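**Q** Sequence plus the predicted model coming up.
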Amino acid sequence: MRFHVKALVKGVMQELEVEAGNEQDLREQLRQKGMQLIAARPAARLRLSLGEKGFQLSLFTQELIALLDAGLTLIEAVETLKEKAGTDGHGAVLNRMIESLYQGLPLSKVLGQMPEHFPPLYIATVGSAEKTGHLADALKRYHHYESRLQMVRKKIVSALVYPMVIITIGGAIMLFLLFYVIPKFSQIYASMRNLPFAAQVMLWWGELVHQHGLLLFGGIIAAIAVVVLLLRSPAVKSRIKEAFWRLPKVAQYQRLFALTRFYRTVGLLLSGGLSIVAAMELAAQLLPASMKLALTQAITDIRTGQSLSATLPRYGLTTPVSERLLRVGEQSGELATMSERAAQFCDEEVERAIEMFTRLFEPILMLVIGVLIGTIVFLLYMPIFELAGNMQ
């Protein structure tokens with residue numbers, strides 16, 4: 001497998017392509033050559049992404065962590081990244097960052113000037129690291145946080161891909177049967193009398209397609225296009241999401257996913273040195289409206305001196321497991337660690353739900369598509385069987 005690699009060689013970052021079996025083998029090859037790996041991607045993926053001119057936060061974070069771990073100062077690290085970025089959108093962001101850093105602004109203030117590229121949580125993580133002086137460690141925690149959330153999102157998306165493929169293929173087969181196979185079969189029955197009901201249906205549809213086939217087919221394609229356009233509309237998307245999230249089981253798992261993000265964010269910010277109230281106020285941005293209102297009320301109670309483990313359950317912001325973990329975290333002083341563990345337990349429940357959805361929904365969908373196609377095939381051949389039976 002061929003990798004496109006960014007590596008640090010005697011303090012200078014270079015780009016090269018290396019053949020390696022996997023990433024571990026790649027690291028070993030570079031280590032033997034005295035190089036330190038900064039970032040690596042399969043060469044094919046890099047070629048496909050050359051057209052992307054936007055700022056890639058994940059890539060920037062990984063490269064910055066590697067350079068800081070190599071002993072470079074913050075400004076040296078950003079300048080090194082700027083030298084290799086070119087003049088695209090990525091380079092423009094780094095150029096603005098360098099200018100502001102030379103003016104003496106802290107990194108969190110610099111990032112705050114570019115909210116279109118850096119989310120509030122990222123800025124807060126960097127700000128908390130500036131108080132402790134461990135920027136690389138804070139960025140590693142943020143990268144781990146994003147990786148975990150991205151993993152959950154990918155599992156949800158992958159669970160929906162297969163059903164969409166089945167629906168697309170099944171729809172294409174049905175269109176082929178309706179607009180090609182049935183009209184051909186219907187010609188067999190055109191000269192017959194006293195046809196069975198199934199043959200009459202076939203004949204009626206065949207004549208309809210012969211007379212208005214293009215209009216019917218165009219109407220179906222237009223209807224599909226309208227549905228796709230409507231699904232892309234923000235207003236329609238919002239209504240569909242609202243209806244979808246109201247389903248009992250789905251609402252339960254949406255709450256679990258929201259709690260996963262909440263606990264993981266709070267754990268990240270607490271690890272960076274933020275207070276519990278500040279961490280919860282920042283994490284509130286990730287919650288749905290109803291849960292955000294509950295959290296606002298919970299923060300008010302916590303400000304009055306009530307404990308976290310007693311307040312959050314009162315507003316429905318815990319699970320039985322996370323409630324116990326938060327209580328242990330308060331007693332042991334390891335609230336950040338226990339928040340992360342609570343997120344992991346919620347993750348596991350969401351993963352089980354996705355697996356169950358996949359196991360149940362996919363066979364049901366296959367059954368529905370099979371019944372629809374089977375019905376058409378049955379209608380095609382049933383008249384022949386009936387006519388053969390009448391001839392005996």
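**A** Yep, that arrived.
**Q** Which residue ranges of the stretch 201-350 of the chain form helices?
**A** 234-245, 248-271, 276-283, 289-303, 308-314, 320-332, 335-391 (DSSP state H, counting those that start in this stretch).
**Q** Which neighbouring elements make contact with the first one?
**A** Read that as helix 234-245. Applying 3 or more CB pairs under 8 Å, 6 or more residues apart in numbering; DSSP states H and E, one finds that helix 234-245 contacts helix 197-232, helix 248-271. (C-beta placed from N, C-alpha, C; glycine too.)
**Q** want to throw those helices into TSV with distance to residue 330, mean neighbour count and mean pLDDT?
**A** TSV is the format used below for the helices and strands packed on helix 234-245 (distance: least, CB to CB, whole Å; neighbours: other CB atoms under 10 Å; pLDDT from 0 to 100):
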stretch	distance to residue 330	mean neighbour count	mean pLDDT
helix 197-232	45	13	85
helix 248-271	12	20	81
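**Q** possible to save those as TSV with distance to residue 347?
**A** Shown next, in TSV, are the helices and strands packed on helix 234-245 (distance: least, CB to CB, whole Å):
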stretch	distance to residue 347
helix 197-232	29
helix 248-271	5
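**Q** Quick check, central residue of the protein?
**A** residue 153 (3.4 Å; CA atoms, centre = their mean).
**Q** so the helix or strand hosting that residue versus helix 197-232, what angle?
**A** Assigned by DSSP states H and E, residue 153 belongs to helix 135-176. Per axes from the mean of the first three to the mean of the last three CA atoms, to 10 degrees, the angle that helix 135-176 makes with helix 197-232 is 150 degrees.
**Q** any idea which helix or strand comes after the lowest-mean-pLDDT helix or strand in the chain?
**A** Counting by mean pLDDT, DSSP states H and E, the weakest-scoring helix or strand in the chain turns out to be helix 43-48, with a mean of 44. For helix 43-48, the following helix or strand on the C-terminal side (DSSP H and E) is helix 57-69.
**Q** What residues sit buried inside that following helix?
**A** Across helix 57-69, burial judged by 16 or more other CB atoms under 10 Å covers 57, 59, 60, 61, 62, 63, 64, 65, 66, 67, 68, 69.
**Q** which of the residues you listed lies closest to residue 78?
**A** Residue 78 lies nearest to residue 64 out of these, by CB to CB, at 7.4 Å.
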